[in-house]
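**Student:** Below is the sequence, then the predicted model.
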Amino acid sequence: MPASAITDFIADLHLSPRTPEINQRFLHYLDGQAHQAGQIFILGDLFEAWPGDDAIDDPDDGGFAAAIVAALRRLSDAGTALSLMHGNRDFLLGETFAARCGARLLPDPFALTLPAASGSGLPEFRCILSHGDALCTNDHEYQAIRAQVRQPAFQATMLARPLAERKAMAAAFRQQSERAWEEKIRQGKLSDGDVATETTENFLREHHYATLIHGHTHLPATHVHTIDGKNVERWVLADWRKDSGEILRFDGRQLCRIAV
């Protein structure tokens, strides 16, 4: 199969200077398996936190961000098309970052149609891409935060602050998020962090029953929703960990999960 017929989807790597094993796993992928793909879609939370594009050249992170950008640029220069979507942790990724990587920033959601391989029996493959957090509508507290941080005025105010202050705010937000997650565990409300069934099925109906590919929930699985008499697949991407990584690959015939 020629590289142009292969598409990879990944999400939720949560890269940071504190995750050297995951960082190395991702760099190994970019310099290896990724070259098999004609295009790669990173569907949010590439980073654990992103305080702004000036963090690329932050002298205090040991060259962490610059190394990731350089590896992405090598891949795009070699001919693989890169597309980035914002997640809940890296919503401040901007056009400067995309340009430095040779990538494009995508809206969320994003409709994608891929050609099928000859002999596959498929005319084409239609899917809708999303980070997935907008579908978690049972988590009312998170949705209120999401609505605030996605506002251009809020982001402009954030980016006007010094980088060191933004990094401190990101660290505080990360700790707050971890405490909220622990509280959900204590209260038995982990299901609030998953997609809401009614919201998701309305979303699939709105997007004409296309296959949904998303991340965010850290609950990798393949679901089939029966909507208006149609069976619609929903593929949840795996989050990356220090001992595991996974890509979802479309090879022109089918989707399959591949360990990295």
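**Tutor:** Sure, I can see it.

**Student:** So what's the gap between stretch 215-231 and the chain middle?
**Tutor:** Mean-position distance between stretch 215-231 and its chain equals 17 Å (C-alpha atoms, centre = their mean, to the nearest Å).

**Student:** quick one: the strands in this protein?
**Tutor:** Assignment of strands within the chain using DSSP state E yields the ranges 7-10, 39-43, 81-85, 103-106, 110-115, 124-130, 211-214, 221-227, 230-236, 246-250, 255-259.

**Student:** Any regions of the chain where pLDDT drops low?
**Tutor:** Along the chain, the model assigns pLDDT under 70 to residues 1-4, 177, 180-181, 183-192.

**Student:** End to end on stretch 38-47, go ahead and measure it.
**Tutor:** Taking C-alpha to C-alpha, to the nearest Å as the measure, stretch 38-47 stretches 23 Å from start to finish.

**Student:** Kindly present the strands of the chain as CSV, with separate columns for mean neighbour count.
**Tutor:** Yep, even glycine has a C-beta here, placed from its N, CA and C like the rest. CSV is the format used below for those (neighbours: other C-beta atoms under 10 Å):
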stretch, mean neighbour count
strand 7-10, 24
strand 39-43, 24
strand 81-85, 20
strand 103-106, 18
strand 110-115, 14
strand 124-130, 19
strand 211-214, 24
strand 221-227, 12
strand 230-236, 17
strand 246-250, 21
strand 255-259, 13
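
**Student:** Make CSV out of those and add distance to Ala147.
**Tutor:** What follows is the strands of the chain, written out as CSV (distance: least, C-beta to C-beta, whole Å):
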stretch, distance to Ala147
strand 7-10, 26
strand 39-43, 20
strand 81-85, 18
strand 103-106, 20
strand 110-115, 20
strand 124-130, 16
strand 211-214, 19
strand 221-227, 26
strand 230-236, 23
strand 246-250, 29
strand 255-259, 32
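
**Student:** roughly how far apart are the nearest residue to Ala71 once chain neighbours are set aside and Ala67?
**Tutor:** Excluding the flanking residues, the one nearest Ala71 by C-beta to C-beta, 6 or more residues apart in numbering is Leu30, at 4.5 Å. Using C-beta to C-beta, to the nearest Å, Leu30 is found at 10 Å from Ala67.

**Student:** neighbour count winner among these two?
**Tutor:** For Leu30 versus Ala67, the count of surrounding residues by other C-beta atoms under 10 Å is larger for Leu30: 21 against 14.

**Student:** dump the residue contacts of that one.
**Tutor:** 71-72, 74-75 (C-beta atoms under 8 Å, 6 or more residues apart in numbering).

**Student:** Neighbour-wise, which one of those residues leads?
**Tutor:** Neighbour counts for the contacts of Leu30 peak at Leu72, which has 26 neighbours (criterion: other C-beta under 10 Å).

**Student:** Next, the contact list for the closest residue to that one other than its chain neighbours, please.
**Tutor:** Among residues not flanking Leu72 along the chain, Cys101 sits closest, at 4.0 Å (C-beta to C-beta, 6+ apart). By C-beta under 8 Å, 6+ apart, the contact set of Cys101 is 69, 72-73, 76, 82, 84.

**Student:** What is the most widely separated pair among those?
**Tutor:** Using C-beta to C-beta, those span at most 12.9 Å, a distance reached by Arg73 and Leu84.

**Student:** so can I have CSV of the contacts of Leu30 showing distance to Arg146?
**Tutor:** Listed next are the contacts of Leu30 as CSV, based on distance: C-beta to C-beta, whole Å:
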residue, distance to Arg146
Ala71, 29
Leu72, 26
Arg74, 33
Leu75, 30
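
**Student:** Sort out for me which of these are in helices.
**Tutor:** Using DSSP state H, 71-72, 74-75 are the members of the contacts of Leu30 that sit in helices.

**Student:** and which of the residues you listed is nearest Phe154?
**Tutor:** Leu72 (26.9 Å).

**Student:** Touching stretch 220-231 from outside, list them.
**Tutor:** 200-201, 204-205, 209, 232-239, 246, 257.

**Student:** Great, nothing more from me.
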